[in-house]
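Peer 1: Got a sequence here, can you model it:
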Amino acid sequence: MAFNKLIFVYNAHSNTKHGLLDAAKKILSPSTYDCKLCALTYGPILERKKWKKFRKESGISMDFLHKDECEKQFKSKFAQQYKYPVILIQNHYELDIFMNAKQINSLENLPTLIKEIEKRLKNNPN
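Peer 2: As a prediction, the model looks like this:
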């Protein structure tokens, strides 16, 4: 694989207040939760075991950001440009969309996300 890493950006804010509200929403009203990527990779509080195993065993460099962290880190490149959640692929200093919000939101479950990531990496021409 010639890319540097995948950057997963959640459709959520990074502060504790938002984290607690997100956890409550996942438990009480999961169908209204705003971040499918988070819902796929995390339970109400903890990272899903299957996702954690995939992350550790894949050999893929991954970063995980909330949307406010992404916009702060990549200032001019991302401000208002992408809909969240999004998975980005970084090749040195270039960032491209690996999976957009529509693609992520259409996924049914965690195994589907993992298969889609593997398939896209296999077909990645970089």
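Peer 1: element containing residue 87?
Peer 2: Assigned by DSSP states H and E, residue 87 falls within strand 86-91.
Peer 1: That strand pairs with which strands, parallel or anti?
Peer 2: Strands that pair with strand 86-91, judged by DSSP bridges, come out as strand 5-10 (antiparallel), strand 94-99 (antiparallel).
Peer 1: Pull the residues that contact the first one.
Peer 2: For strand 5-10, the external contacting residues (C-beta atoms under 8 Å, 6 or more residues apart in numbering) are 35, 37-38, 41, 60-67, 70, 82, 84-90, 95, 98, 117. For glycine as for every other residue, the C-beta is placed from the backbone atoms N, C-alpha and C.
Peer 1: pLDDT averaged over it - what is it?
Peer 2: Taken as a whole, strand 5-10 carries a mean pLDDT of 94.
Peer 1: try stretch 117-126
Peer 2: 81.
Peer 1: now the contacts of strand 5-10: which count as buried?
Peer 2: Neighbour-count burial within those applies to 35, 37-38, 41, 65-67, 70, 82, 84-90, 95, 98, 117; the criterion is 16 or more other C-beta atoms under 10 Å.
Peer 1: got the residue ranges for the helices in the protein?
Peer 2: 16-28, 36-41, 49-57, 67-73, 75-78, 101-105, 110-123 (DSSP state H).
Peer 1: okay if I get these as TSV plus distance to residue 10?
Peer 2: Formatted as TSV, the helices of the chain follow (distance: least, C-beta to C-beta, whole Å):
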stretch	distance to residue 10
helix 16-28	9
helix 36-41	5
helix 49-57	13
helix 67-73	7
helix 75-78	14
helix 101-105	10
helix 110-123	13
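Peer 1: Tell me how far the strand holding residue 87 lies from the chain's centre.
Peer 2: 10 Å (C-alpha atoms, centre = their mean, to the nearest Å).
Peer 1: hey, C-alpha coordinates of stretch 35-51 in PDB?
Peer 2: What follows is stretch 35-51 as a C-alpha-only set of coordinates in PDB (Å, rounded to 0.1, in the frame of the first residue of the first chain):
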ATOM      1  CA  CYS A  35     -22.800   9.500  13.000                       C
ATOM      2  CA  LYS A  36     -23.100   6.200  11.300                       C
ATOM      3  CA  LEU A  37     -19.300   5.700  11.400                       C
ATOM      4  CA  CYS A  38     -19.300   6.000  15.200                       C
ATOM      5  CA  ALA A  39     -22.400   3.800  15.500                       C
ATOM      6  CA  LEU A  40     -20.600   1.100  13.400                       C
ATOM      7  CA  THR A  41     -17.300   1.200  15.300                       C
ATOM      8  CA  TYR A  42     -18.400   2.000  18.800                       C
ATOM      9  CA  GLY A  43     -21.100   0.700  21.200                       C
ATOM     10  CA  PRO A  44     -22.700   3.300  23.500                       C
ATOM     11  CA  ILE A  45     -19.300   3.900  25.200                       C
ATOM     12  CA  LEU A  46     -16.600   1.500  24.100                       C
ATOM     13  CA  GLU A  47     -15.000   0.600  20.800                       C
ATOM     14  CA  ARG A  48     -16.400  -2.600  19.400                       C
ATOM     15  CA  LYS A  49     -14.100  -5.600  19.800                       C
ATOM     16  CA  LYS A  50     -14.300  -6.600  16.200                       C
ATOM     17  CA  TRP A  51     -13.300  -3.100  15.100                       C
END
